[in-house]
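>>> The following comprises the amino acid sequence and a computationally predicted model.
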Amino acid sequence: MKNGLAYLIMDENEISAVGFSSLLKVFTNACTVDTLSLDGNNIGPGCAKDLHKFARDASGLSGLYLARNPLGESAVKMLFEGLAMNENPTIERLSLRQTNIADNAARAISTAIEGLSALDLLDLSKNDFTSSGFSALASGLHSNKSLTNLTICDIPMNEESVDAFIEALKAEDRTLEHLDVSRCQLGDALAAKVLNLSTKEFSVDISSNGITGEVQFTEVFCNKILAGDIFRWQFEDDKLSLEFFKKTSEALATMGRQKYEEWTKLIDEAWDNHCKEQLAQKLATEEEELEETTEEVPQVAEGEEEEVAAPLTKKDMHAETAVEPFSELAFEDCVLDNERVAALFSCIPDWTYPVIKLTNCGLDDTVIDLLLERLTISPLKLAGQVFLNGNDLTERGLEKLLLALKNLDQIRLEGSYQYPRDQFSIFCQEIPVSADFYRKWEFFASELQTVQFYMNFVEEIIIDV
C-alpha cells in the first residue's frame with residue numbers, strides 16, 4: 001500500500017517541467033496525494049508524458065492546481081486523456097487558468113469530462129479559446145453530470161460562443177450552479193443573454209464586461225430582481241448609465257415592498273396562531289380549575305409576589321421573526337457620481353433590508369448627505385448594510401455621519417423599531433483618518449445600540465531618510 005499525502009502546496013517556486021516530472025513519478029510510484037497545487041512554476045510541455053501517466057494511475061487525487069504554467073496544448077491534452085483512462089477518477093477540483101491552451105485542448109477536455117463523475121470545479125480562464133473551443137466546451141457540459149462551477153473568465157467571447165453555452169445550459173438535467181464569464185468583453189447585448197440564464201438555482205458572474213446599462217440589459221436585470229433570481233450581484237469597472245440606476249432602484253423598491261408585505265403577513269399569521277393557542281390554553285386551564293375546586297390552593301407567603309411570565313405581545317413576535325437579506329448589490333471601482341448614487345439610494349426605505357456596497361468609487365462627503373436623507377424617512381423599519389469603503393470621505397463627513405447615526409439610534413430606541421435583531425450597519429473602512437479621530441469616534445460608535453458603524457485605522461509610518 002502506498003503512503004498518502006493530504007496536501008502539497010508549492011506555488012511560485014520555479015519548479016519547471018523537469019522538477020514537475022520528478023514529483024509526478026513519486027506520486028505515481030511511491031505515494032498518493034489528495035491535493036496538489038503548483039501554480040506559477042514555469043512548468044512547460046516537457047512534462048506531458050509523466051502528466052498523462054500520473055492522471056491515468058492517480059488514486060484519491062481530488063484537487064489539482066496548475067494555474068499560470070505554460071503547459072501548452074500537448075500537456076493538457078495528455079492530462080485529460082490520462083484522466084479519461086483512469087478506472088476510478090476522483091478529481092473534484094481542477095485549475096488550468098492561464099496555461100497556454102486553445103481549441104485543441106478544449107476538444108480534449110470536452111471529450112474527457114463525460115467520464116469525470118466527481119469533477120465539481122473547473123477553471124479554464126485566461127486561455128486562448130475561440131468560438132470553436134467554446135462550442136466544444138459547451139458540448140461537454142451536455143454529457144457531464146457532476147460539474148457545478150465553471151470559470152472561463154478573461155477570454156473574449158462572441159455571440160456564437162455565448163449561444164453555445166446558452167443551448168447547453170437549457171438541459172433540464174444540468175448540474176452547473178455557477179458560470180463565471182467576467183472580463184470576457186461581452187458588452188450589454190451578450191451580457192443580457194447570459195444574465196437571462198440566472199435563476200435561484202443558477203448564478204452567473206458577468207462583471208467587468210464593459211456594461212453601460214443599455215435598455216435591453218437594464219430590462220433583463222430589473223426583471224431578474226423582481227423575479228427573485230438575483231441574490232447577490234457585483235459590477236466591477238463598469239460605467240453604468242443614470243437610467244440604469246433609476247430603473248434598478250425602482251425594481252429594488254418594488255421588491256422591498258413585496259418582501260415587507262410578505263413579512264408582515266407572516267407576523268400576522270404567527271400572531272393569530274399564538275392568540276388561538278393562548279385562548280385554547282386558557283379554556284383548558286379554567287376547565288381544570290373547575291374540576292379541582294376541592295383541592296387546597298397553595299398560598300403565597302406574605303410579602304412575596306407570585307411570578308407570572310409577561311404575556312407575549314405582537315411587538316415580541318416582530319422581534320422573534322427576523323428578516324434575512326434577500327439581495328445584495330455591489331459596485332467596485334465603478335465610475336459613480338452623486339446623481340447616480342442619489343438614484344440608487346432612492347430605493348431606501350422601500351427596500352427595507354438594503355445591502356449596498358460602493359467600494360472605491362471616488363465618492364466624496366456628498367454621499368453621506370444623500371444616504372442620511374433616505375435613512376431619516378422611516379428609521380423604525382430600516383435594517384441592512386451600506387458599505388462606503390475606500391472612498392474619498394473626510395473626517396468632517398464621518399463626524400457628521402456618526403452624529404446623525406446617534407440621533408437615529410435614539411429615535412429607534414424610543415420608537416420600538418421593528419427589526420430588533422437586524423441592526424443597520426454602515427462600513428467606512430480603508431478611509432484615511434488621524435489616530436486622534438479614530439480613538440475618539442471609535443469609542444463613540446461602540447455605544448450605538450440599534451445602528452452600527454465600522455471604520456479601521458492603519459497608522460502611517462514615516463521613515464526619515
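On my side now, so go ahead.

>>> what about stretch 178-194, how long is it end to end?
12 Å (CA to CA, to the nearest Å).

>>> what does stretch 222-237 give?
Terminal-residue distance, stretch 222-237 (CA to CA): 20 Å.

>>> So what touches it?
182, 195, 198-200, 203, 205, 207-208, 211, 221, 247-248, 250-252, 254-255, 326-334, 357 (CB atoms under 8 Å, 6 or more residues apart in numbering). Backbone N, C-alpha and C define where each C-beta goes, glycine included.

>>> what helix or strand is the nearest residue to F27 once chain neighbours are set aside on?
Nearest-residue entry for F27: V33, 5.1 Å, with adjacent residues in sequence omitted and distances by CB to CB, 6 or more residues apart in numbering. Assigned by DSSP states H and E, V33 belongs to strand 31-37.

>>> what's that strand in contact with?
With CB under 8 Å, 6+ apart, strand 31-37 has contacts from 2-11, 27, 58-65, 93.

>>> got the buried residues for stretch 95-108?
For stretch 95-108, the neighbour count (16 or more other CB atoms under 10 Å) marks 95-103, 105-108 as buried.

>>> now the residue lying closest to L388 once chain neighbours are set aside: how far from E447?
With CB to CB, 6+ apart as the criterion, L388 has its nearest non-adjacent residue at 5.1 Å, and that residue is C428. As judged by CB to CB, to the nearest Å, C428 and E447 stand 17 Å apart.

>>> and if you look at P45?
63 Å.

>>> okay, the two: which has more neighbours?
When P45 and E447 are compared for neighbours, P45 comes out ahead with 18 against 8, by other CB atoms under 10 Å.

>>> Now do the same contact list for that one.
Counting by CB under 8 Å, 6+ apart, P45 has contacts 17, 70-75.

>>> For it, give me phi and psi.
As for P45, its main-chain torsions (degrees, to the nearest 10) stand at phi -70, psi -10.

>>> What is the subsequent helix or strand relative to the strand holding V33?
helix 48-57.

>>> who's in contact with I348?
354, 374-375, 377, 382.

>>> swap the cut-off to 10 Å and go again
By CB atoms under 10 Å, 6 or more residues apart in numbering, the contact list for I348 reads 249, 252-253, 256, 354, 356, 370-371, 373-375, 377-378, 382, 384, 386.

>>> again with M78
So M78 contacts 45, 47-56, 71, 105, 108 (CB under 10 Å, 6+ apart).

>>> export these to a markdown table and tack on distance to L401?
Listed next are these as a markdown table, based on distance: CB to CB, whole Å:
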| residue | distance to L401 |
| --- | --- |
| P45 | 57 |
| C47 | 57 |
| A48 | 59 |
| K49 | 63 |
| D50 | 60 |
| L51 | 56 |
| H52 | 61 |
| K53 | 62 |
| F54 | 57 |
| A55 | 56 |
| R56 | 61 |
| L71 | 51 |
| A105 | 53 |
| A108 | 56 |
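
>>> Grab the nearest non-local neighbour of T28.
F54 (5.0 Å).

>>> what's the spacing between that neighbour and E87?
Taken as CB to CB, the span from F54 to E87 is 14 Å.

>>> Wait, L197 touches V204, no?
Yes - counting by CB atoms under 10 Å, L197 touches V204, with 5.9 Å between them.

>>> Pick out whichever of F54 and E87 has more residues nearby.
Taking other CB under 10 Å, F54 and E87 do not tie; F54 has more neighbours (28 against 7).

>>> Give me the pLDDT for that one.
Looking at F54, its pLDDT is 93.

>>> give me the element the closest residue to S378 other than its chain neighbours is part of.
Take S378 and drop its neighbours on the chain: the residue closest to it by CB to CB, 6+ apart is P349, 4.2 Å away. For P349, there is no host helix or strand (DSSP H and E).

>>> Could you measure from P349 over to Q278?
33 Å.

>>> Show me which of the two is the more surrounded one.
The residue with more neighbours, out of P349 and Q278, is P349; 20 against 12, by other CB under 10 Å.

>>> Give the full set of residues in contact with the more buried one.
P349 touches 253, 256, 260, 374-384, counting by CB under 10 Å, 6+ apart.

>>> quick one: it from R257, how far?
10 Å.

>>> can you check V33 too?
54 Å.

>>> and these two? which has more neighbours close in?
Counted by other CB under 10 Å, V33 and R257 do not tie: V33 has more neighbours, with 23 against 13.

>>> which residue is nearest the centroid of this structure?
Taking CA atoms, centre = their mean, the centroid of the chain lies closest to R232, which sits 5.5 Å from it.

>>> Can you tell me who that one pairs with across the strands?
Per DSSP bridges, the residues bridged to R232 are E328.

>>> ok, L240 touching N209?
No - at 11.6 Å, L240 does not count as touching N209 under the criterion of CB under 10 Å.

>>> Can you pull the residues that touch both of the two?
If you check L240 and N209 against CB under 10 Å, 6+ apart, the residues they both contact are 188, 217.

>>> Mind listing what's buried along stretch 364-382?
365, 367-368, 370-372, 374-375, 379, 381-382.

>>> want to try TSV for those, with secondary structure, pLDDT and distance to L413 as columns?
Shown next, in TSV, are the buried residues of stretch 364-382 (DSSP: H, G, I helix; E, B strand; the rest coil; pLDDT from 0 to 100; distance: CB to CB, whole Å):
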residue	secondary structure	pLDDT	distance to L413
D365	coil	97	27
V367	helix	97	26
I368	helix	96	22
L370	helix	96	25
L371	helix	95	21
L372	helix	95	18
R374	helix	93	20
L375	helix	90	15
P379	helix	82	11
K381	helix	74	14
L382	coil	76	14
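
>>> mind checking the SS state of L150?
strand (DSSP: H, G, I helix; E, B strand; the rest coil).

>>> Kindly apply the preceding question to A171 instead.
coil.

>>> Remind me which helix or strand the spatially closest residue to it that is not a sequence neighbour belongs to.
Among residues not flanking A171 along the chain, H142 sits closest, at 6.2 Å (CB to CB, 6+ apart). For H142, the element it lies in under DSSP H and E is helix 131-143.

>>> and that helix, what other elements does it pack with?
Applying 3 or more CB pairs under 10 Å, 6 or more residues apart in numbering; DSSP states H and E, we find helix 131-143 packed against helix 103-112, strand 149-151, helix 159-168.

>>> and E219, what is it in contact with?
Going by CB under 10 Å, 6+ apart, the list of residues near E219 reads 192, 247, 251.
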